[in-house]
Structure formats: structure tokens, C-alpha cells
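Trainee: Just need the structure, nothing else, for what follows:
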Amino acid sequence: MIHNFPELVAFAKTLKRKRVAIIYPNNDETFNAARRAKEEGISDFLLVGDERLICESLSRLGAKEDEFSVLHASSMGEALRQSIAAVREGKADILMKGGVDTSTMMKAVLDQEAGLRIGRTLSDIFLLEFPEREPNKFIMITDGGMTLAPDLKNKIELINNAVEVAHAIGNTNPKVAVLSATEFVLPNLPSTLDAAALSKMNERGQIRGCVVDGPFALDSAISLEAVEEKCIASPIAGRAEILIAANIESANSLAKSTTYFAGLPLAHVIVGGRVPILIPSRADKAEARLHSVALGVIMSEYMQRGESP
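Mentor: Numbering: from 1, shown residues only. A predicted model of the protein is given here:
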């Protein structure tokens, strides 16, 4: 089982090298992440965009240009089309956002003609390292990037996608907490009703490969001290490894707060499609992008081995 980011990166290095297609790379953090991933033997890269800008950036940052494949695209839209085509045709294993904005990228990815959908819901799994927990420091948050207002059916799919990522990094029975603002089931608060239903569905074998409980407020999901104070009896309380948020606003805010308020290490990956998709924030540093590439490589290997549902 992988417990932290050094172990995650180390494991990715042991796998067959994957090729990451980066759509219109245009900032130093992206190029530095690609350079480091290449140097450390994590992955290869297809850089799709302005060839002159790409080559100048690689040279300026001390990267070896001849170790990267560059595909010229005269515009961001053309880079997006060529990158998706490269993945569809098997010339790349992972799709990664560069300078293109997330909404434009995902609209193109979700188009049926792109050939990247397989009939599942796509969701973003945010992975953070929580230093206060031993030995497994990883906690996942979903979905802060794709599903706007998940209903009960959507939340089942969000759980399944997050559990797939957990299994890929060796956590065979992750603890899933369904979040709300309280631990009580309240008829006028739909997120608590969803949480109760999901818990019962897991108990009866309708959701597998994990243990699900809820509703939980955030403190009750991750803090054993809060659980003791509130006298909550649950195998998940205080020990959650996957957090299912009520909606995209709460998931997105929660995930970003771990970076901007706490400075915690992070990675994230979109799963549910034909290949892993990486959508680093424009503010993400090279380290976070490197972690995401490593996670993408692990997910690609897991999916190519046919272990993905």
C-alpha cells in the first residue's frame, strides 16, 4: 500500500513508462514538472503547442530538447484537437492540461467524437497528504472538478471512481465518509439523506470494495478527537480516507483550502474515461504537477491491466 507522495513517485518509477500528452504547455511550472518526470524516469511526454515556444522554454530551463516529442499546433484549439487525437490513436496514454482552460478542455473531452468516454461518469479525485495521520497519510476529496450537483446516483459513481484510485495505490478497502454539515439525518438537508442511503447500500453490498458511512461533518470524518468528544460510533469516524462532498462548490473549496491555508502536498486525476486525465490548476507548482503525473501513470497502468471496472 502506498502511504505518501515519496512512495507514490517511487512506485510510478517501477512501472512501464507512459506517454503524457500536454495540451499547449506555456508556463515554467508545467515544463519543470515534465523535465523532472522525464529525468526521474516516471514518464515520457508529447508536448503539443507552439513549437518555438516549447523549444525555447525547454532550453531555458535546462531540459534536453531531444528527449521530448514536440507536435506543433498553431493555436490552442488545434493543440487540444491534436492531443485528444494522440490519445485516441494510442500515441499517448495520459492527457494533461497545459495552457488551455479546464472547461474548454473537458467540453472537448466529453464530446462523443473524441472517443474518450466509456459510459461512466468522469470525476476528479483530489489526493492530499495529511501529515497528522500514520501510516497512511493519503486522503481523497471528490468531486471538485466535474459533477456540479451530484444526486444519489452520481454519488455512487463518485464513490466507485475514488475507490478505483484507492485500489490502484494499494488500499483495498478504503474508508469512505459522505460529508454534510452534521452527523444527524435531517429530512430538510438532502446531503444527509444521501449519506444515509449510501451507507445502507454499502452495508447491503450494492457499493463494494470499500466501507461507507455518513453523514459526517468534516471534523468527525478526519479527527479522532472530535469523534471522541461527539461520542460517534463508526469504523469510519475520524479515519476517513475518501471524502465525498455534497456538491462541487464544497469539494472544490475544501480541496483548495488544503493548499492555500495548510500548504499540504497534492495531486489529482480525472477517472472514468478511456485514459487518466490531469487538470492541474494554473496555480499548481511543479511539485504538485509531478505528483499528478505519477498518479496518472499509476492509474494508466491499473486501467491497462484491466483492473478498472
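Trainee: Low-confidence ranges, the stretch 101-250 of the chain, go.
Mentor: Residues of the stretch 101-250 of the chain meeting the criterion pLDDT under 70: none.
Trainee: hey, where'd the helices end up in it?
Mentor: Assigned by DSSP state H, counting those that start in this stretch, the stretch 101-250 of the chain shows helices spanning 102-110, 152-168, 190-203, 218-222, 224-230, 248-260.
Trainee: closest to E78 out of those?
Mentor: Proximity to E78 (Cβ to Cβ) singles out helix 102-110 among the helices of the stretch 101-250 of the chain, at 11.5 Å. Any C-beta I mention is one placed from the backbone N, CA and C, and that applies to glycine too.
Trainee: Need the CA coordinates for the closest one. CSV is fine.
Mentor: Output in CSV follows, covering the C-alpha atoms of helix 102-110 (Å, rounded to 0.1, in the frame of the first residue of the first chain):
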residue,chain,number,x,y,z
THR,A,102,-10.4,23.4,-17.9
SER,A,103,-13.9,24.0,-19.2
THR,A,104,-12.8,24.2,-22.8
MET,A,105,-10.7,21.1,-22.4
MET,A,106,-13.3,19.0,-20.7
LYS,A,107,-16.0,20.0,-23.2
ALA,A,108,-13.8,18.6,-26.0
VAL,A,109,-13.0,15.5,-24.0
LEU,A,110,-16.7,14.8,-23.3
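Trainee: any idea how far that helix is from the chain center?
Mentor: 16 Å (Cα atoms, centre = their mean, to the nearest Å).
Trainee: Can you name every helix or strand that it contacts?
Mentor: Helices and strands touching helix 102-110, by 3 or more Cβ pairs under 8 Å, 6 or more residues apart in numbering; DSSP states H and E, are helix 76-88.
Trainee: re the thing from before, closest one to E129 among the helices of the stretch 101-250 of the chain?
Mentor: Once the helices of the stretch 101-250 of the chain are compared by Cβ to Cβ, helix 248-260 is nearest, at 9.2 Å.
Trainee: Name the next helix or strand following the closest one along the chain.
Mentor: strand 266-271 (DSSP states H and E).
Trainee: Which other helices and strands does that following strand contact?
Mentor: When contacts are defined as 3+ Cβ pairs under 8 Å, 6+ apart, strand 266-271 sits against strand 123-129, helix 152-168, helix 248-260, strand 277-278, helix 286-304.
Trainee: now these in TSV, with mean neighbour count and distance to T14?
Mentor: Shown next, in TSV, are the helices and strands packed on strand 266-271 (neighbours: other Cβ atoms under 10 Å; distance: least, Cβ to Cβ, whole Å):
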stretch	mean neighbour count	distance to T14
strand 123-129	25	19
helix 152-168	22	14
helix 248-260	17	28
strand 277-278	24	20
helix 286-304	24	10
